[in-house]
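Q: Here's my sequence, what's the structure:
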Amino acid sequence: MTDGSAGALTVTLCRDSRQFAALEESWNRLVRECPTATPFQSHAWLHSWWLSYGKDGRLRILLVRRGEELVGAAALMLVHRPLPRLVPLGGPITDYFDVLVSREHAGQVVPALAQGLHRAARSAVVDLREVRPGAAAEALFEAWPGVSSRLTDSTCMELPALPFDQLVKRMPASGAQRVRAKLRKTDAAGIEEHEVTEREVPQAVRTLLRLHEKQWRGRGVTPEHLRPRFAEHLTRATRRMVRA
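A: A predicted model of the protein is given here:
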């Protein structure tokens, strides 16, 4: 750990995977205090990803504390090619990246996070990918003390949280008709849904990935989705999410 300070805040850099593992409780409290956080910022997802995909010596997690309370965090790792960069944990299998900033202390945390990350990066580029509109990382970008540039990344579809029949009513007539036809086929096939317990997660993940492979067969499935380490990561992360 390396120490610095910003007002009443302490900024540290975690490079040890065991220390990262020990952050679970305080990390998840911060997730609940950060209004922009998604499940991909949970400790369960990030730490599990690191166990499956991380490389020794590359971990770079910036932590901002107010006393003993964790009030800000950025989960990153160092890569060397094609040039030195700090990139988000989660890699291409993670939909969204964001930094974590406590709602109550955002005015102090964002500049502290920016200054700390700028020092930690040294000569490396800080490359924050897959940041969705409104993310806390946008405030970090505005507070960045060095050179910065904003680029377009993936286009993602987001659906409003509505009952499915109301969602279909919003669609163009031709699209809504196709969706209704598929729903009738689903009903005829007798498919049922239920929430799984932590104990049932491994079997549920195996079923999910088996169906995923069938759905995408011959249509360019993402190769990583069929590899054992992906199944291992998904099972481990999901069990911890269900437990929490």
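
Q: Domains in the chain, by residue range?
A: For the chain, the structural domains run 9-143, 164-242, going by the TED database.

Q: Next up, the contacts around the residue most central in space within the chain.
A: For the chain, the residue nearest the mean C-alpha position is Phe40 (2.5 Å; CA atoms, centre = their mean). Applying CB atoms under 8 Å, 6 or more residues apart in numbering to Phe40 gives the contacts 46, 90, 94-98. For glycine as for every other residue, the C-beta is placed from the backbone atoms N, C-alpha and C.

Q: Try it again at 6 Å.
A: 94-96 (CB atoms under 6 Å, 6 or more residues apart in numbering).

Q: Looking at the residues you listed, state which has the most neighbours.
A: Tyr96 (20 neighbours; other CB atoms under 10 Å).

Q: Am I right that that residue falls within a helix?
A: No: assessed with DSSP: H, G, I helix; E, B strand; the rest coil, Tyr96 is coil; it does not lie in a helix.

Q: Next up, phi/psi of the residue of the chain most remote from its centre, please.
A: Among residues of the chain, the one most distant from the C-alpha centroid is Ala188; the distance is 35.9 Å, by CA atoms, centre = their mean. With angles defined as degrees, to the nearest 10, Ala188 sits at phi -70, psi -30.

Q: all strands in this structure, in order from the N-terminus.
A: 2-6, 9-14, 59-66, 69-79, 85-88, 100-101, 125-126 (DSSP state E).

Q: Out of those, which is closest to Pro202?
A: Across those, Pro202 has its closest neighbour in strand 69-79 (25.4 Å, CB to CB).
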